[in-house]
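Peer 1: model this:
(chains A, B and C)
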Amino acid sequence: MAKLGFAMCVKSSIPLHHTPSSCSNSGSGAAITRRKSLIFTTSFLTTYFHWHQNQNQNRNLSTPPPAIAQQSDDLDQEETRVVQIFQETSSSVVYIKDIELAEIPKTSSGKNIGEDEDDNAKVEGTGSGFIWDKFGHIVTNYHVVSKLATDTSGLQRCKVYLVDSGGKRITREGKIVGFDPDYDLAVLKVDAVGSELKPVTISTSSALQVGQSCFAIGNPYGYENTLTTGVISGLGREIPSPNGRAIRGAIQTDAAINAGNSGGPLINSYGHVIGVNTATFTRRGSGMSSGVNFAIPIDTALRVVPTLIVYGIPYANRY
Amino acid sequence: MAKLGFAMCVKSSIPLHHTPSSCSNSGSGAAITRRKSLIFTTSFLTTYFHWHQNQNQNRNLSTPPPAIAQQSDDLDQEETRVVQIFQETSSSVVYIKDIELAEIPKTSSGKNIGEDEDDNAKVEGTGSGFIWDKFGHIVTNYHVVSKLATDTSGLQRCKVYLVDSGGKRITREGKIVGFDPDYDLAVLKVDAVGSELKPVTISTSSALQVGQSCFAIGNPYGYENTLTTGVISGLGREIPSPNGRAIRGAIQTDAAINAGNSGGPLINSYGHVIGVNTATFTRRGSGMSSGVNFAIPIDTALRVVPTLIVYGIPYANRY
Amino acid sequence: MAKLGFAMCVKSSIPLHHTPSSCSNSGSGAAITRRKSLIFTTSFLTTYFHWHQNQNQNRNLSTPPPAIAQQSDDLDQEETRVVQIFQETSSSVVYIKDIELAEIPKTSSGKNIGEDEDDNAKVEGTGSGFIWDKFGHIVTNYHVVSKLATDTSGLQRCKVYLVDSGGKRITREGKIVGFDPDYDLAVLKVDAVGSELKPVTISTSSALQVGQSCFAIGNPYGYENTLTTGVISGLGREIPSPNGRAIRGAIQTDAAINAGNSGGPLINSYGHVIGVNTATFTRRGSGMSSGVNFAIPIDTALRVVPTLIVYGIPYANRY
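Peer 2: Model prediction:
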């Protein structure tokens, strides 16, 4: 039997291949993209046949064109619904990069560590999160930001990539507001003054039923704004928390959740958040989805997060 | 190239994290749970804002509430259908635990091995099965119960966790009625006198078509009553049986099937059984779903199981 | 952290268990099979109860029959649509086997290497492809046929298993027409004179939207004509090409893509090709689907393939 177990640490320290601009095509601008692309299709076909004709005239070659659909392939009702869920929700999902700054050598000539801090930094891992409110609070898993949360060296940083409500991509430093290892939850805050953020809409996890559709949005292996789909596979599960205690009431799903999805939202078919994607049952160390994946129920987050925002510490430790 | 191959032994000997009560939320009582939960949602919201108000009065803090969906998120027609399939079928699916009793030391003070046999027992593996008829016959894979079937020590036991038609959770010892390694099928019998069982409804596998929806219910990694979904990926496949022969006509699906799903039913969109989940093509030893998973066609079970119930041995060995 | 990375080489050198005739049940004849099977179901039930009755008369045993669905389980609209997509498209998908002939010993008595070349051959790997036009051009990934493309020994061969438009299964040798490692694309040609081929219908990848349904057809682990389903998970991705450069604009999907799927088509809900299944992000060496899978956009193939057909070399190297 291979080493199987929980991959709680559903975050990735893998060299990332994501393209910084990958988001623009797949985000909220897609509806517009579509119309453009239809035009493009037509002109493309024209070009193709034109090119082809020239080929034949000049070289007397006769390559037949492939069979190309003459009409645009409209989406059916169900597909349109899923596309809309993604378009309405994806800009509330953020990409979190943990960074460890290199220690500044004593002979440093006062170089400013800020915008270009990547030059001296090492990416420690990546995860996901979602915008909780318009004040810049970001909810994620504790294990995504545990190094920053427990940092004593002062070298840990956390970069948050997000999109404002106008579709503009922005990058901000995330500051720890509070965290609770018991529930594997943490709250970051980003300074987004002047940028209007689009918070998620929260549903409840108490009314969930096994079999209903669900959708995960996150950044598996660094691929930003990835959508995966499935159903609720089970309810009332127990998964281990980072400090070894049990998180009860977890939601099980067969929507693919891989390393890097941690902290991202699990949403229902209304685009409302029902859970925080947290763990997958997998071969140890691989972080690879097996089809047995878990999310912390949003009702737990609704209990924990406000306390973290107000006090910075878990409710249990308040006195 | 990594070691890839069939995981016939789709059962798990992993420390289980399932909660004994996990079934109650996700089983046949869900329709009732839903109504309750809607009420809960309302009172929950009240509590939340109330708590929040108090916070503000007492401490003059102003944490904004997140955006909470004001209405319950009703399921659409397709989701409702899948939820119903699960609710109508899940109580016919059982969880099978293979147990090896510790040898009773000679100095044993006559301790009764029965209800509390777990104290002296080791879980050898787990699998799934389904209720075949009202007489307590359970169909599963041979490889799930092979240790019990071939036991000469008298120390092998098989515990069956099931739900009666009233939704009450019961545990029974499963006795081997018959088995056929050629087709990887076995029949257990549980003593369920007084408990009304809910047998599955059998469909036929001969009318299946690639592309139609299918659903697996089972206990991957011990997570009870897990639902996973997909389509029929292929038909007429050949998979190896535990004794090395070929099982023909197997159904291929991309519904996730992991270690522990073995012996559970593959059902169609009517909740009727079309196959017995048996194998996954995966990295050797991991038992992890790859999306290329297999079930023995129910028509094969319909040929094999009645003979096993009547004679206890395969038809081929009858004379 | 386990070794994770791209499995570009999504082809399989695993001992195959596929049955040569597995295609006939699952192909375009399924609509007819269905009617037949309904009849079979009826006669089967009759037989079952008849047999059962005899049992009771002769042996006075009383095994109750299981609950068998009395009516055929008709597919709903959505299922029917997916079944039709598969039936209309699967005969355009081919199975590609790379073969290395054994060197003919000098003392060979003039044995004809042709029909029975398998006796002297070793299967090096397998992949998928699709019929581009009626002239026998097959599009696949470069990495599926790279050994043949770069062969200097003269011992590499490529066998293409396909179905003609009448549903007849044929096997042909595939000759390299052209290839472009930059885009991981290659074109083979098979001699199919007299056999009417059924080319795919090409859509465009420029109008795709995250969330729409997609379907992969191919031969994972050698299981022919396998259908897997999912949604578009992301667009505009970057994946490495076999020569180390980046392929831009790749389509990400959670439809399962495993070793052997490479070169097969990714299709939309109209059965039109939108991409060429190419890679999965997985544990190194396993070729196992993680739910993070990639296809080369069909618009790229539409640019590259005609040039390969006409000139045999990539457009970039034309002068």
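Peer 1: what is the neighbour count of residue A:243?
Peer 2: For residue A:243, the count of nearby residues is 11 (other CB atoms under 10 Å in any protein chain shown). Heads up, the C-betas are built off the backbone N, CA and C, glycines and all.
Peer 1: just to check, it is in contact with residue A:182?
Peer 2: Yes. Residue A:243 is in contact with residue A:182 according to CB atoms under 8 Å; the separation is 6.4 Å.
Peer 1: now the one helix or strand residue A:249 maps to: average pLDDT?
Peer 2: If you go by DSSP states H and E, residue A:249 is part of strand A:246-253. For strand A:246-253, mean pLDDT rounds to 95.
Peer 1: can you check stretch A:259-270 too?
Peer 2: Mean pLDDT, stretch A:259-270: 95.
Peer 1: how about that stretch as PDB, C-alpha atoms only?
Peer 2: Only the C-alpha atoms of stretch A:259-270 are listed here, as PDB (Å, rounded to 0.1, in the frame of the first residue of the first chain):
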ATOM      1  CA  ALA A 259      -2.200  21.700  -4.600                       C
ATOM      2  CA  GLY A 260      -2.700  25.500  -4.800                       C
ATOM      3  CA  ASN A 261      -6.500  25.300  -4.500                       C
ATOM      4  CA  SER A 262      -6.200  25.700  -0.700                       C
ATOM      5  CA  GLY A 263      -8.100  28.600   0.700                       C
ATOM      6  CA  GLY A 264     -10.200  29.100  -2.400                       C
ATOM      7  CA  PRO A 265     -14.000  29.100  -2.300                       C
ATOM      8  CA  LEU A 266     -16.300  26.100  -3.000                       C
ATOM      9  CA  ILE A 267     -19.500  27.600  -4.500                       C
ATOM     10  CA  ASN A 268     -23.000  26.400  -5.300                       C
ATOM     11  CA  SER A 269     -24.800  26.800  -8.500                       C
ATOM     12  CA  TYR A 270     -25.800  30.300  -7.600                       C
END
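Peer 1: mind checking pLDDT for residue A:147?
Peer 2: For residue A:147, the model assigns a pLDDT of 91.
Peer 1: spatially, what comes nearest to it if we skip its sequence neighbours?
Peer 2: Here the nearest residue to residue A:147 in space, its sequence neighbours aside, is residue A:156; by CB to CB, 6 or more residues apart in numbering or on different chains that works out to 5.1 Å.
Peer 1: what's the answer for residue A:175, then?
Peer 2: Nearest one to residue A:175, counting by CB to CB, 6+ apart, is residue A:189 at 5.2 Å.
Peer 1: and for the one you found, the neighbour number?
Peer 2: Residue A:189 is flanked by 20 other residues according to other CB under 10 Å.
Peer 1: which strand or helix spans it?
Peer 2: Counting by DSSP H and E, the element that carries residue A:189 is strand A:185-190.
Peer 1: got a list of contacts for stretch A:66-79?
Peer 2: Outside stretch A:66-79, the residues that touch it by CB atoms under 8 Å, 6 or more residues apart in numbering or on different chains are A:38, A:41, A:45, A:48, A:83, B:78, C:78, C:132-133, C:199-204, C:207, C:209, C:211-213, C:268-270, C:272, C:302, C:305.
Peer 1: tell me which of these fall in strands.
Peer 2: C:201, C:202, C:213 (DSSP state E).
Peer 1: one step back: wait, what's in contact with the residue nearest to residue A:147?
Peer 2: Counting by CB under 8 Å, 6+ apart, residue A:156 touches A:98, A:99, A:100, A:101, A:124, A:147, A:148.
Peer 1: so the fifth one lies in a strand, does it not?
Peer 2: Yes. Inclusion of residue A:124 in a strand is indicated when DSSP: H, G, I helix; E, B strand; the rest coil is applied.
Peer 1: what's the neighbour count on it?
Peer 2: Neighbourhood size, residue A:124 [other CB under 10 Å]: 16.
Peer 1: quick one on the thing from earlier: looking at the ones in strands among the contacts of stretch A:66-79, spot the one nearest chain B.
Peer 2: For the ones in strands among the contacts of stretch A:66-79, the minimum distance to chain B (CB to the nearest CB) is 11.1 Å, reached by residue C:213.
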